[in-house]
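Colleague: sequence plus the predicted model coming up.
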Amino acid sequence: MWISCAFSKKVACPSWYTYHTVFLHPTICMHDFLEKIRGFWGELFKKKGESVLGIDIGSSSIKIVQLRKAKGKAVLETYGELALGPYAERAIGQATMLPAENLALAVRDIIREANVSVKSGGIAIPLVSSLISVIELPQVSEKQLQTMIPIEARKYIPVPISEVTLDWQILPVEADTDVEVPPSAAERERGSDGSTAPKKAHALVVAIHNDIVARYQTIATRDALDIWFLESEIFSSTRSLLSLERGPVLLLDIGASTTKFSIVENGIPWSTHVLSRGSQDITLALSKSLGIGFREAEEVKRSVGMSGEGVHKDVADTVRFTLGTIFSSANRMLLDFERHYGKTVEKVVLSGGGARLKGVEEVARANFSIEVTIADPFSKVVSPAFLEPVLKEAGPYFAVAVGIALRALEDLE
């Protein structure tokens with residue numbers, strides 16, 4: 001396994017599943033949806049081809065996307081999201097820590113409810129479970145680098161190297177040439193005659209704890225999934241959200257229990273960070289300040305967001321305060337990146353459930369003072385025009401799942 005940089009009868013959705021899909025994306029229970037658009041894809045379905053699956057197992061929900069390649073393009077066949085809270089007797093939107101066996105059951109349920117017809121593809125590994133570093137090495141032959149990288153990687157991995165699955169990629173020269181060494185570092189590398197030390201090589205190193213790999217293998221085995229690869233979610237998001245951006249971009253994924261920051265340039269995550277605060281913290285703050293339960297607070301958060309006025313002003317202020325903490329952490333990361341590499345991040349892309357809060361785009365622009373966009377991963381796939389508004393609304397939730405499925409399509413070639 002590589003670690004890297006439909007049903008004949010109608011299936012009734014469980015009541016809690018239906019509530020979740022209506023609350024977030026009305027079309028996630030996909031049987032009726034597929035029947036409505038079968039004419040649109042009729043010719044594509046008749047042609048030879050392969051379908052693949054992308055699975056994103058988050059802390060509060062599972063997202064799944066099935067794509068197919070037709071006429072050289074990625075075609076959306078089905079997608080779905082399933083809340084994990086009910087599997088732990090918690091509310092929808094709450095983060096959980098389910099054992100692999102329960103997650104396997106949830107994956108089996110969403111495969112059934114979303115009318116998934118294939119079991120081959122990939123699974124994303126959460127950034128919090130991955131260790132990603134760009135390491136600096138002497139510029140020697142590639143053969144020598146292949147020997148040096150596992151040794152150098154030990155400096156960045158806080159556990160014995162035998163306890164992780166390690167993967168790496170030597171960065172191409174065109175990626176290296178875009179990296180500017182900060183003056184202080186350059187001065188330290190100068191020889192006594194004032195000459196600059198030899199140029200350094202860089203390698204992207206990814207390490208995932210063997211226990212995490214085993215956990216996902218257990219899920220795949222229990223659900224009879226043919227998983228070709230596991231991939232850290234940052235690479236999946238980069239694939240589905242970025243295209244021809246010239247400079248560094250901050251991918252800011254506001255999940256339920258954590259927020260992930262990744263500064264990406266030329267497809268390479270030069271800097272990553274995970275903050276133990278997410279959209280669930282907004283719900284908890286609202287629950288406490290308004291004296292209501294988690295479920296009701298979740299509904300208030302999504303319906304009001306930061307657009308509240310009058311009687312809802314307190315709601316907007318609470319949401320804005322928690323998001324301000326997240327954005328402040330992001331700004332510190334941007335400053336650190338600029339000092340280290342001498343480059344300025346040109347754009348922020350918001351994804352995750354927090355990216356769908358009302359008013360979040362405007363507040364983010366005010367905080368970052370640079371271009372801010374909302375993730376639109378479904379723009380990378382072919383789908384019916386009438387579904388565009390629905391997919392655009394659902395997009396931020398599915399950045400990782402779409403990216404994984406796109407990678408699986410690449411592996412078919």
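Modeller: Sure thing, it's come through. Since we're looking at a predicted model, the values are computed, not measured.
Colleague: Glu231 reaches Pro126, doesn't it?
Modeller: No - when contacts are counted by C-beta atoms under 8 Å, Glu231 is not listed as touching Pro126 (11.1 Å). (C-beta placed from N, C-alpha, C; glycine too.)
Colleague: the more surrounded of the two?
Modeller: Glu231 (27 against 20; other C-beta atoms under 10 Å).
Colleague: now do the helix or strand where that one lies, average pLDDT.
Modeller: Secondary structure assignment for Glu231, by DSSP states H and E: strand 226-232. Computed over strand 226-232, the mean pLDDT rounds to 95.
Colleague: need the pLDDT of Glu361.
Modeller: For Glu361, pLDDT reads 93.
Colleague: count the residues that sit near it.
Modeller: 16.
Colleague: elements contacting the host helix or strand of it?
Modeller: Taking DSSP H and E as the criterion, Glu361 maps to helix 360-368. Helices and strands touching helix 360-368, by 3 or more C-beta pairs under 8 Å, 6 or more residues apart in numbering; DSSP states H and E, are helix 313-341, strand 347-351, strand 371-374.
Colleague: dump the ones you listed into JSON lines; add mean neighbour count as well.
Modeller: Formatted as JSON lines, the helices and strands packed on helix 360-368 follow (neighbours: other C-beta atoms under 10 Å):
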{"stretch": "helix 313-341", "mean neighbour count": "17"}
{"stretch": "strand 347-351", "mean neighbour count": "23"}
{"stretch": "strand 371-374", "mean neighbour count": "16"}
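Colleague: in a markdown table, list the ones you listed along with distance to Gln66 and mean pLDDT.
Modeller: A markdown table is the format used below for these (distance: least, C-beta to C-beta, whole Å; pLDDT from 0 to 100):
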| stretch | distance to Gln66 | mean pLDDT |
| --- | --- | --- |
| helix 313-341 | 32 | 93 |
| strand 347-351 | 20 | 98 |
| strand 371-374 | 23 | 96 |
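Colleague: any chance of a markdown table for these, columns distance to Ile57?
Modeller: Putting the helices and strands packed on helix 360-368 into a markdown table (distance: least, C-beta to C-beta, whole Å) gives the following:
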| stretch | distance to Ile57 |
| --- | --- |
| helix 313-341 | 22 |
| strand 347-351 | 16 |
| strand 371-374 | 23 |
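Colleague: quick one: closest of these to Phe398.
Modeller: strand 347-351 (8.9 Å; C-beta to C-beta).
Colleague: what residue spans form the domains of this protein?
Modeller: Here the domain parsing of the chain from automatic domain parsing is 2-127+217-230+398-412, 129-207, 244-374.
Colleague: so which of the ones you listed gets nearest Lys380?
Modeller: That would be domain 2-127+217-230+398-412 among the domains of the chain, by C-beta to C-beta, at 6.4 Å.
Colleague: before I go, just wanted to say thanks for your time.
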